[in-house]
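*Asks:* pasting the sequence and the predicted model now:
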Amino acid sequence: MRYIACGLVANLDLVGHMNQHFYEEVKVTNPVQPESIIHTWDDFRHAVCWNKEKGCGAEYIVEDESILNRLEDMLQWQVGIGGTGLQTSYAASYAGYPSIVNVPIISDELEHIVKDNLLLNIAVDKKGDTPKHYIIEYSDQGRSNRLIFRKFNEFTSDLITDSFVRQTKEFSCDWLLLSGYHVIDNAEDINKALKSTIEFLESIRSEKLKVHLELASIWSLNEQWKIIEKLRPYVDSIGLNEEEFAELIGLKKQLLILNDVDLLEEVEAGYSIIKISNLILHTKQFSLVMSKDNHVIYWANALESGNKLAFSRAVKGDFCNREEFEQITFNASRSDRGIRLREFVKDRENIIIQPGFVGETVSTIGLGDTFTAGLLAQAPSILPKYKKDQSEN
């Protein structure tokens, strides 16, 4: 039986929908793009309005906790699980793929939410208050997205539990997901977390285990690149959504508004900079893998699996089991853009594209993490290592 191990953080998500009354209360004229750290209520208002006007999603650190308390009183909230590691492992195990998840700290509330998922193995050493993230969903002129607000310094560098190390070895996992470094709010703790991650990877090293790094928007682009560079020797694949990719490579425009030729040129340019064996991009229109040495042939089923799980969750508004996601996607329409791009690259050996599904959705929460669950559940068991050119040394 295949197991995937997912780290490194877990939290509770409080999800609310942006209604007109809320928007009128926070509305500002000519909003400006905010910094990644929210210091004042006006910063918060600009963050909401700027992203809504652009149709963007984003994540912000809130320095003043009273802002979150004020926000909590303004909307009705639905409580669920959060964090890439936990979202990914829960989605995979709910769909029938056994998973292990690293949980740095677990509350009674979080434990109660996950207890009925019998294929989910919780690796936790400590009980206490699980951090909360406030997620505001919005829909506007056919565009849907979400904004995430969380408090400052909710996690430090001590993320990997002894239980996670033990279970990853015990279950002889096929794939390991690394994620969650974006929730560490200072460079010193990121350095410590990367050091402990590398020690962990060295301790569980095997020919069977492959490693996937999932990025997220982070408060410092320099720290993002440091994470990639430190983990590059250990990582087989790296995953990003279109917004994270654009931010990472310094693209000023939204990736999906580019024409097909320019979009693919930007992906290829990003791949040459990132220098990970397999670059995985998951977007609203399609998913793709770019790789050297014809490695993309190994990834077609994994991309399709990721698309299926993510779309099914968007349609249902919750996690799906295998029967549900197969039923939802059986006759679902495909993205025209995705179909066109797949045809455009069909004769290329370094890229494969799977069109996404399109249809009426009820939620945008956790779709990237759910894509990753489907991806890793079907990711290749055999994967050749990346061979560097002399120019990369």
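*Replies:* Yep, it's here.

*Asks:* when you work out contacts or count neighbours from here on, use the C-alpha atoms and nothing else.
*Replies:* Will do.

*Asks:* list the contacts of residue 243.
*Replies:* 57, 254, 255 (Cα atoms under 8 Å, 6 or more residues apart in numbering).

*Asks:* out of those residues, which end up buried?
*Replies:* Neighbour-count burial (16 or more other Cα atoms under 10 Å) applied to the contacts of residue 243 gives 57, 255.

*Asks:* restricted to helices, list the contacts of residue 243.
*Replies:* Of those, none are assigned to helices by DSSP state H.

*Asks:* make TSV from the contacts of residue 243 and add distance to residue 93 to it.
*Replies:* Below are the contacts of residue 243 laid out as TSV (distance: Cα to Cα, whole Å):
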residue	distance to residue 93
57	27
254	33
255	32
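
*Asks:* lowest mean pLDDT among the helices and strands, pick that one out for the chain.
*Replies:* Ranked by mean pLDDT, DSSP states H and E, the weakest helix or strand in the chain is strand 143-151, scoring a mean of 89.

*Asks:* partner strands of it and their direction?
*Replies:* strand 58-62 (parallel), strand 132-140 (antiparallel) (DSSP bridges).

*Asks:* in that strand, what's buried?
*Replies:* Those would be 144, 145, 146, 147, 148, 149, 150, 151, for strand 143-151 by 16+ other Cα under 10 Å.

*Asks:* so where's the chain uncertain?
*Replies:* 293, 384-393 (pLDDT under 70).

*Asks:* show me where it has its helices.
*Replies:* So, for the chain - with DSSP H - the helices run 20-26, 41-54, 65-72, 84-94, 108-114, 162-170, 187-203, 221-231, 242-249, 260-274, 300-316, 322-330, 336-344, 367-377.

*Asks:* what's the closest of those to residue 124?
*Replies:* The closest of those to residue 124 is helix 162-170. By Cα to Cα, the value is 6.0 Å.

*Asks:* and the contacts of that closest one?
*Replies:* Contacts for helix 162-170 (Cα under 8 Å, 6+ apart): 5, 100, 101, 102, 123, 124, 125, 200, 204.

*Asks:* pull the distance from that helix to the chain's centre.
*Replies:* Here the centre of helix 162-170 is set off from its chain's centre by 23 Å, with Cα atoms, centre = their mean, to the nearest Å.

*Asks:* which of the residues in that helix are buried?
*Replies:* Judged by neighbour count using 16+ other Cα under 10 Å, the buried positions of helix 162-170 are 163, 164, 165, 167, 168.

*Asks:* just put those in a markdown table and tack on distance to residue 338.
*Replies:* Converted to a markdown table, those look like this (distance: Cα to Cα, whole Å):
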| residue | distance to residue 338 |
| --- | --- |
| 163 | 41 |
| 164 | 38 |
| 165 | 39 |
| 167 | 38 |
| 168 | 36 |
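
*Asks:* so which of the residues you listed is the closest to residue 218?
*Replies:* Closest approach to residue 218 among these (Cα to Cα): residue 164, at 24.7 Å.

*Asks:* quick check: that closest one vs residue 23, distance?
*Replies:* 42 Å (Cα to Cα, to the nearest Å).

*Asks:* what does residue 221 give?
*Replies:* For residue 221, the distance to residue 23 - Cα to Cα - is 30 Å.

*Asks:* surely residue 145 meets residue 139?
*Replies:* Yes. Between residue 145 and residue 139 a contact is recorded at 6.8 Å, counting by Cα atoms under 8 Å.

*Asks:* quick check: neighbours shared by the two?
*Replies:* In contact with both residue 145 and residue 139: no residue, using Cα under 8 Å, 6+ apart.

*Asks:* related to what we said a few turns ago, farthest pair within the contacts of helix 162-170?
*Replies:* Pairwise over those, using Cα to Cα, the maximum falls at 125 and 204, 18.7 Å.

*Asks:* figure out how far stretch 301-321 is from the centre of its chain.
*Replies:* Relative to its chain's centre, stretch 301-321 lies at 14 Å (Cα atoms, centre = their mean).

*Asks:* who's in contact with that stretch?
*Replies:* With contact meaning Cα under 8 Å, 6+ apart, stretch 301-321 is reached by 91, 94-96, 286-288, 324-326, 328-329, 354, 356-365, 367-368, 370-380.

*Asks:* please apply the same query to stretch 29-38.
*Replies:* 43-44, 46-47, 49-51, 59-64, 218-219.

*Asks:* narrow the residues you listed to those that are buried.
*Replies:* For those, buried by 16+ other Cα under 10 Å: 43-44, 46-47, 49-51, 59-63, 218-219.

*Asks:* tell me which of those is nearest to residue 231?
*Replies:* Distances from residue 231 to these, taken by Cα to Cα, are shortest for residue 218, at 16.2 Å.

*Asks:* quick one: that closest one from residue 191, how far?
*Replies:* Separation of residue 218 from residue 191 (Cα to Cα) stands at 15 Å.

*Asks:* can you check residue 7 too?
*Replies:* Counting by Cα to Cα - residue 7 and residue 191 are separated by 17 Å.

*Asks:* those two: who's more crowded?
*Replies:* With neighbours defined as other Cα atoms under 10 Å, residue 7 and residue 191 compare such that residue 7 has more, 28 against 17.

*Asks:* show me what contacts that one?
*Replies:* If you count contacts by Cα under 8 Å, 6+ apart, residue 7 has them with 84, 85, 86, 101, 102, 103, 160, 176, 177, 178, 179, 180.

*Asks:* got it, and residue 225?
*Replies:* residue 248.

*Asks:* kindly report the same for residue 187.
*Replies:* residue 223.

*Asks:* ok, now how distant is it from residue 47?
*Replies:* 24 Å.

*Asks:* with residue 337 instead?
*Replies:* Residue 337 is 30 Å from residue 47, by Cα to Cα.

*Asks:* report the buried residues of stretch 31-50.
*Replies:* Going by 16+ other Cα under 10 Å, stretch 31-50 has these buried residues: 31, 34, 36-38, 41-50.
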